[in-house]
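Peer 1: 3D model of this:
(4 chains)
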Number of protein chains: 2
Amino acid sequence: MNRVFKALADPSRRRILQLLREGPLSAGDIARHFDLAKPTLSGHFAVLREADLVDQERQGTTIYYRLNLSVLEEALSGLMDSLGIGQGDGAVRDIQLAKPGK
Amino acid sequence: MNRVFKALADPSRRRILQLLREGPLSAGDIARHFDLAKPTLSGHFAVLREADLVDQERQGTTIYYRLNLSVLEEALSGLMDSLGIGQGDGAVRDIQLAKPGK
DNA sequence: TGGCTATTTCGGTTATTTGCTAAATACCGA
DNA sequence: TCGGTATTTAGCAAATAACCGAAATAGCCA
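Peer 2: Model (predicted):
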């Protein structure tokens, strides 16, 4: 979960996730959207993979990345829960707090 | 928004936000929960403040921090929107993936 | 095998982050 | 004004992150 938030901290990586939302893309396809060198992108892919936010699948000589929504959802709703943010029905409800008495 | 995710990338800072969920706390109160030196915590507060995730209020010699939920909610739901994650009542609905044929 | 394309790994540079101690600032109360 | 408590600023070291070009790897096809 820490890895997920670390991965989300970089705008380029968030952008990659956005691009993947519409469907799997190859590393090269993604690279075309950025101004970064391919090795740099490759590093970003590694971070996303380690956070389990994307899956990799080789197809011949090209590698496709696919968004792994469930991990992201889990991390976000985990955070939201831990902070008591709304989010519909999955929220934290019964937390009784000892209000710190000044 | 970038600042928000950067701020969320550190576990100590997420923990601080969690603590603040119960209500405002002074810097010292928060420090008591951590094993870090106070100047280090102070740095974390600064990051959270710059991300607008907390508000600061001086009261005499002590400074109270208060969680600013709305900014956090906005950032999270902004991300979720941009990725098509459910968030309202439900789930992702209309994303069809061209599965790369294995 | 040799060449082509796609992607990653290697090695290095620079910037950012995290943590520390010591010192400065701010406020309060006697 | 002096002393004490609360917090931040300053200065620094170490670790991590982001980026690059060059070279290596992997698969494909003639």
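
Peer 1: you'd agree A:Arg14 is up against B:Leu79?
Peer 2: Yes. Here A:Arg14 reaches B:Leu79: they are 7.0 Å apart, a contact under CB atoms under 8 Å. (C-beta placed from N, C-alpha, C; glycine too.)

Peer 1: render the CA-only coordinates of stretch A:58-73 in CSV, please.
Peer 2: Provided in CSV are the C-alpha atoms of stretch A:58-73 (Å, rounded to 0.1, in the frame of the first residue of the first chain):
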residue,chain,number,x,y,z
ARG,A,58,4.7,-9.9,-23.5
GLN,A,59,3.4,-10.5,-26.9
GLY,A,60,6.2,-11.3,-29.3
THR,A,61,8.6,-8.4,-29.1
THR,A,62,6.3,-5.9,-27.6
ILE,A,63,5.2,-5.8,-24.0
TYR,A,64,1.7,-4.7,-23.1
TYR,A,65,0.7,-3.0,-19.9
ARG,A,66,-2.7,-3.3,-18.5
LEU,A,67,-4.2,-1.4,-15.6
ASN,A,68,-4.9,-3.3,-12.5
LEU,A,69,-7.9,-1.3,-11.1
SER,A,70,-8.6,-3.5,-8.1
VAL,A,71,-5.3,-2.8,-6.4
LEU,A,72,-5.8,0.9,-6.9
GLU,A,73,-9.4,0.8,-5.7
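
Peer 1: and the average pLDDT for it is what?
Peer 2: Average pLDDT, stretch A:58-73: 95.

Peer 1: likewise stretch A:2-14?
Peer 2: On average, stretch A:2-14 scores 98.

Peer 1: and that stretch, anywhere near DNA strand C?
Peer 2: No. When contact is scored as CB under 7 Å from any atom of the strand, no part of stretch A:2-14 falls within range of DNA strand C; the minimum is 7.8 Å.

Peer 1: list the buried residues for that stretch?
Peer 2: Using 16 or more other CB atoms under 10 Å in any protein chain shown as the test for burial, stretch A:2-14 gives A:Arg3, A:Val4, A:Phe5, A:Lys6, A:Ala7, A:Leu8, A:Ala9, A:Asp10, A:Ser12, A:Arg13, A:Arg14.

Peer 1: returning to that earlier point: tell me, what's touching A:Arg14 and B:Leu79 both at once?
Peer 2: The contact sets of A:Arg14 and B:Leu79 overlap at A:Leu8, B:Phe5 (CB atoms under 8 Å, 6 or more residues apart in numbering or on different chains).

Peer 1: and chain A, which residues reach DNA strand D?
Peer 2: Residues of chain A lying near DNA strand D (CB under 7 Å from any atom of the strand): A:6, A:9-10, A:12, A:35-37, A:39-40, A:43-44, A:47, A:58, A:60-61.

Peer 1: buried subset of those as a ChimeraX selection?
Peer 2: Buried subset of these, written as a ChimeraX selection, criterion 16+ other CB under 10 Å:
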select /A:6,9,10,12,44,47
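
Peer 1: so which of the residues of chain A next to DNA strand D would you say is closest to chain B?
Peer 2: The shortest approach to chain B among the residues of chain A next to DNA strand D belongs to A:Ala9, at 3.8 Å (CB to the nearest CB).
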